[in-house]
Structures are given as structure tokens and as C-alpha cells.
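Colleague: give me a 3D structure for the following:
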Amino acid sequence: MIRYICLFKLNNPADADAVADKLHTMEGKIDGMLGMETGKNVWDNAARCYDLALTIDFVDYDAMIAYDTAPLHLECRDFIYPRRADGKTVVYEV
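Modeller: Numbering: from 1, shown residues only. Below you'll find the predicted structure:
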């Protein structure tokens, strides 16, 4: 199993709910995606924190690679990128 974690620093932290809602439009609709979770930051330490976290589990590495170009994922990117100041990703085997 592959775990994909992405952290989002948003231009406006108030957009976190809208971004999370958009991300969840992919849930259950992309082959190989086992599950996903989003979480808004609750720690007020702006120097160290990002605004939103996304965690997705995939059946394998190939499923994660396919996700990267899936139309629903690209639609989410189009929505998120104008709202995103920065992003970090880590992918690892579980």
C-alpha cells in the first residue's frame, strides 16, 4: 500500500473548507484509491504550519501514479492551485 500526504499553505486560510470539499469529490471515484482524509490545521503557529492536510491510501504505486493524471484530480488541481501559496508532498510504502 502507498500513502500519499500533501500539505497545503493557502493564500487565504479561510478557503480550507472549500478546498477540502473539492478534494473529497474524488473520494471513491478513482481506481486504486482505498480512502482519503483531510484535516484543517488547528495549531496557531503560522511560522511552522500549513492550513490543510490531505492523506490518500492507494493499493500500490501504479495506482498513485495513475491518480496524478486522473481527470478528477486535474479538476481539483485547477481549483486548488490559484488558492495555494505552497504545497509539500511525501509518498511512502505502508
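Colleague: now do the helices in this protein.
Modeller: Here the chain has its helices, by DSSP state H, at 16-23, 61-68, 71-80.
Colleague: highest mean neighbour count out of these?
Modeller: Of all the helices of the chain, helix 16-23 carries the top mean neighbour count, a mean of 17, counting by mean count of other CB atoms under 10 Å. In short, each C-beta sits where N, CA and C put it, glycine included.
Colleague: tell me the helices and strands packed up against it.
Modeller: Here helix 16-23 touches strand 2-10, strand 33-40, strand 52-58, helix 71-80, going by 3 or more CB pairs under 8 Å, 6 or more residues apart in numbering; DSSP states H and E.
Colleague: what's the angle from it to strand 2-10?
Modeller: Angle between the axes of helix 16-23 and strand 2-10 is 140 degrees (criterion: axes from the mean of the first three to the mean of the last three CA atoms, to 10 degrees).
Colleague: what's next to helix 16-23, contact-wise?
Modeller: Residues from elsewhere that reach helix 16-23, judged by CB atoms under 8 Å, 6 or more residues apart in numbering: 8, 10, 36, 38, 40-41, 51-52, 54, 76, 79-80, 83.
Colleague: state the mean pLDDT of it.
Modeller: Confidence over helix 16-23 (mean pLDDT, whole number) is 98.
Colleague: which non-adjacent residue is nearest the residue most central in space within the chain?
Modeller: By CA atoms, centre = their mean, the mean C-alpha position of the chain lies nearest to Leu54, the distance being 3.7 Å. Closest residue to Leu54 apart from its sequence neighbours, by CB to CB, 6 or more residues apart in numbering: Cys6 at 4.5 Å.
Colleague: what sits against the one you found?
Modeller: Counting by CB under 8 Å, 6+ apart, Cys6 has contacts Ala53, Leu54, Gly87, Lys88, Thr89.
Colleague: same list (the contacts of helix 16-23) but as JSON lines, adding distance to Lys22 and pLDDT.
Modeller: Converted to JSON lines, the contacts of helix 16-23 look like this (distance: CB to CB, whole Å; pLDDT from 0 to 100):
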{"residue": "Phe8", "distance to Lys22": "11", "pLDDT": "97"}
{"residue": "Leu10", "distance to Lys22": "12", "pLDDT": "97"}
{"residue": "Met36", "distance to Lys22": "12", "pLDDT": "98"}
{"residue": "Thr38", "distance to Lys22": "10", "pLDDT": "98"}
{"residue": "Lys40", "distance to Lys22": "14", "pLDDT": "96"}
{"residue": "Asn41", "distance to Lys22": "17", "pLDDT": "95"}
{"residue": "Asp51", "distance to Lys22": "14", "pLDDT": "96"}
{"residue": "Leu52", "distance to Lys22": "11", "pLDDT": "97"}
{"residue": "Leu54", "distance to Lys22": "11", "pLDDT": "98"}
{"residue": "Cys76", "distance to Lys22": "5", "pLDDT": "97"}
{"residue": "Phe79", "distance to Lys22": "5", "pLDDT": "98"}
{"residue": "Ile80", "distance to Lys22": "7", "pLDDT": "97"}
{"residue": "Arg83", "distance to Lys22": "9", "pLDDT": "98"}
